[in-house]
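Peer 1: fold the following and give me the result.
(one chain, ligands or ions: 1)
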Amino acid sequence: MKKSFVTEAINLKNYPLNDNDSIVVMFSKTKGLMRAVAKGAKRPKSKLGARIQMFIANQLMLFEGKNLDTIAQAQSLNTFSKIRYDLDKMSYSMYIAELVNNFCSKQYNQDENYEQIYDLIFNAYQKITNSNTKNEIMLTVLKFQIKLMNFLGWGLDFNYCSICQKEIEVDSYFSYSENSFLCPECVDNASFSNCVKINYKIGLFLLELSKSEFSEKTKYDDLVNDVVLEKCFLFMKKYIDNISNKKTKIFEVLEKTAIK
Ligand SMILES: [Zn+2]
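Peer 2: The predicted structure is shown next:
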């Protein structure tokens with residue numbers, strides 16, 4: 001008899017296995033990043049076909065396989081349907097899917113805090129689907145980037161210099177070779193290449209997001225503008241791409257035009 005198990009999972013992407021079947025890449029509450037076969041999902045009338053679309057969260061029953069598990073039953077928990085009708089919601093949700101797919105393999109996630117990460121993805125999609133403005137979407141994605149890195153042990157110390165360990169109370173520098181923040185004195189004393197200057201107020205903003213709970217409203221939420229949000233998003237994106245050695249592709253054009 002095949003062994004079965006039940007889990008909740010959010011779809012990140014799917015691709016064809018053969019003429020009838022698909023493979024779904026998803027993040028499961030109990031197993032983390034996983035792939036499974038959805039049999040018959042490519043047939044026009046397949047119910048499973050609809051449930052394996054990107055971003056949908058399902059309650060699944062699966063059969064364990066030698067290499068790949070097979071989905072036996074899927075019941076959707078949340079389709080986050082409004083994501084599909086808005087280009088910004090769609091793009092940023094795809095970025096989250098790509099980021100999780102790139103970064104949440106066992107290599108980076110040894111603590112197996114899958115439930116925490118699952119909830120983070122679920123809550124992020126929930127917030128994005130219900131967003132009314134692009135700023136709301138971008139703020140959610142920025143919080144997501146910061147929280148995910150914190151959960152995976154790659155969180156940044158936004159207000160401490162990694163060399164002298166002093167609290168930074170002026171404009172700081174972020175070194176992409178050290179993957180850390182530096183105060184102006186330490187930047188002057190050593191020859192770090194590949195640094196960007198981080199405005200003090202932006203540093204405080206990022207610190208506040210890092211210290212708050214994901215769903216908590218911070219004192220900056222209503223004040224922050226699109227320029228700051230885009231800068232911060234691209235800063236975090238570059239940091240994450242840098243440490244994962246895999247470039248998320250979805251915002252390549254935006255990056256080329258926005259940062260030098
Ligand atoms: Zn220093």
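
Peer 1: name the residues of the stretch 51-200 of the chain found near the ion, please.
Peer 2: Within reach of the ion by CB under 5 Å from the ion, the stretch 51-200 of the chain has these residues: 161, 163, 164, 183, 186. All C-beta spots, glycine's among them, are computed from the backbone N, C-alpha and C.

Peer 1: in a markdown table: the residues you listed, plus secondary structure, neighbour count and pLDDT.
Peer 2: Compiled in a markdown table, these are given as follows (DSSP: H, G, I helix; E, B strand; the rest coil; neighbours: other CB atoms under 10 Å; pLDDT from 0 to 100):
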| residue | secondary structure | neighbour count | pLDDT |
| --- | --- | --- | --- |
| 161 | coil | 20 | 95 |
| 163 | coil | 18 | 92 |
| 164 | coil | 13 | 94 |
| 183 | coil | 22 | 94 |
| 186 | helix | 21 | 91 |
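
Peer 1: please identify which pair of the residues you listed lies farthest apart.
Peer 2: The span of those, defined through CB to CB, is set by 163 and 183 at 7.5 Å.

Peer 1: next one: residue 42 from residue 170, what distance?
Peer 2: According to CB to CB, to the nearest Å, residue 42 and residue 170 sit 57 Å apart.

Peer 1: more neighbours: which of the two?
Peer 2: The neighbour count for residue 42 versus residue 170, taken as other CB atoms under 10 Å, is higher for residue 42 (18 against 10).

Peer 1: for stretch 89-96, buried residues please.
Peer 2: 89, 90, 92, 93, 94, 95, 96 (16 or more other CB atoms under 10 Å).
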